[in-house]
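1. okay, sequence plus prediction incoming.
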Amino acid sequence: MIITEKKQQAEILESVGGATTIFIVGCGSCASKCATGDQKAIDNIKALLEKNNKKVLGSFILDSACDMRLAKKDLIKNDAFNKADAVLTLTCGAGSQSVEKVSKKIIIPALNSDYVGSTERIGVYQKFCSICGSCILVETQGICPRTRCPKSLVNGPCGGFVNGKCETDQTKDCAWVLIFEKLKQNGKLEKFLNNYIEPKTNNK
């Protein structure tokens, strides 16, 4: 079970930015047990968003947000989900990235994962979240370089990728190629290039 905690309200609102229509995704597994991804948590975050002039088009609690099969089955055919500018996730980092993987939408994580993969199918698991306690998914468009880059680079790629593939395993996409494609797609590249992600401290 992954322990999650709510991000500060100011951080969430800053992450939402210019998005005006939001869909909220909760998790019926770990996050619900922590009371961070259940219906009450959804109601609370919905009230915060609406108080700040954001329109919540709908919400859905996935049985297990880190299961990409469920995310695909339950969300892709949901009209409100498809119409939303962005998706606010009340899940761990693995859950947020499962939703991103099947939808390619802008992901706004509202939780930090504190203290460990995503199920692609039986026997095949993706390591998407290192539970670092300092989530940077909003900066990297829902794709975690700390986990998915073997060098854990957080401000851009190394010089070793070839044809979009990682130099350490050429069967895998370079995480930073995926991130930069998503940044360009969503008009966020210039902002990212003018930003600097500080090294993570390990004092938690």
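-> Looks like it came in fine. Residues are numbered from 1 along each chain as shown.

2. where is the longest helix in this structure?
-> Counting by DSSP state H, the longest helix found in the chain is helix 39-51.

3. can you tell me how far the residue most central in space within the chain sits from residue 63?
-> Nearest to the mean C-alpha position of the chain, counting by Cα atoms, centre = their mean, stands residue 96 at 3.4 Å. Using Cβ to Cβ, to the nearest Å, we find residue 96 at a distance of 16 Å from residue 63. Bear in mind the C-beta positions are built from the backbone N, C-alpha and C, glycine included.

4. quick check, the residue nearest to the centre of the chain in a helix?
-> Yes. Residue 96: assigned to a helix according to DSSP: H, G, I helix; E, B strand; the rest coil.

5. how near is it to residue 197?
-> 17 Å.

6. next one: residue 185
-> When residue 185 is compared with residue 197 (using Cβ to Cβ), they lie 20 Å apart.

7. and residue 8, by the same measure?
-> Taking Cβ to Cβ, one finds residue 8 at 18 Å from residue 197.

8. ok, which stretches of this structure are helices?
-> If DSSP H is used as the criterion, the helices of the chain fall at 9-16, 30-33, 39-51, 68-75, 79-83, 93-103, 145-148, 175-185, 189-193.

9. ok, which of those helices comes nearest residue 120?
-> With Cβ to Cβ, the closest approach to residue 120 among the helices of the chain belongs to helix 68-75: 5.6 Å.

10. give the rounded mean pLDDT of the closest one.
-> Average pLDDT, helix 68-75: 94.

11. nearest residue to residue 38 in space, please, no chain neighbours.
-> Distances taken as Cβ to Cβ, 6 or more residues apart in numbering put residue 32 closest to residue 38, at 4.2 Å, once the chain neighbours are dropped.

12. neighbours of the one you found, how many?
-> Residues near residue 32, counting by other Cβ atoms under 10 Å, number 22.

13. that one: what's it in contact with?
-> Applying Cβ atoms under 8 Å, 6 or more residues apart in numbering to residue 32 gives the contacts 26, 38, 61.

14. which ones are touching the residue nearest to the last one when sequence neighbours are not counted?
-> Think residue 61. Distances taken as Cβ to Cβ, 6+ apart place residue 26 nearest to residue 61, at 4.0 Å, with adjacent residues excluded. By Cβ under 8 Å, 6+ apart, the contact set of residue 26 is 32, 37-39, 41-42, 59-62, 65, 90-91.

15. domains of the protein?
-> Residue ranges for each domain of the chain read 1-138, 139-198, as given by automatic domain parsing.

16. now the last one, how far from the chain's geometric center?
-> Centroid separation for domain 139-198 versus its chain: 14 Å, with Cα atoms, centre = their mean, to the nearest Å.

17. now do the same end-to-end measure for that domain.
-> This stretch, domain 139-198, spans 12 Å end to end (Cα to Cα, to the nearest Å).

18. average pLDDT for it?
-> 94.

19. what count of nearby residues applies to residue 35?
-> Neighbours around residue 35, by other Cβ under 10 Å: 11.
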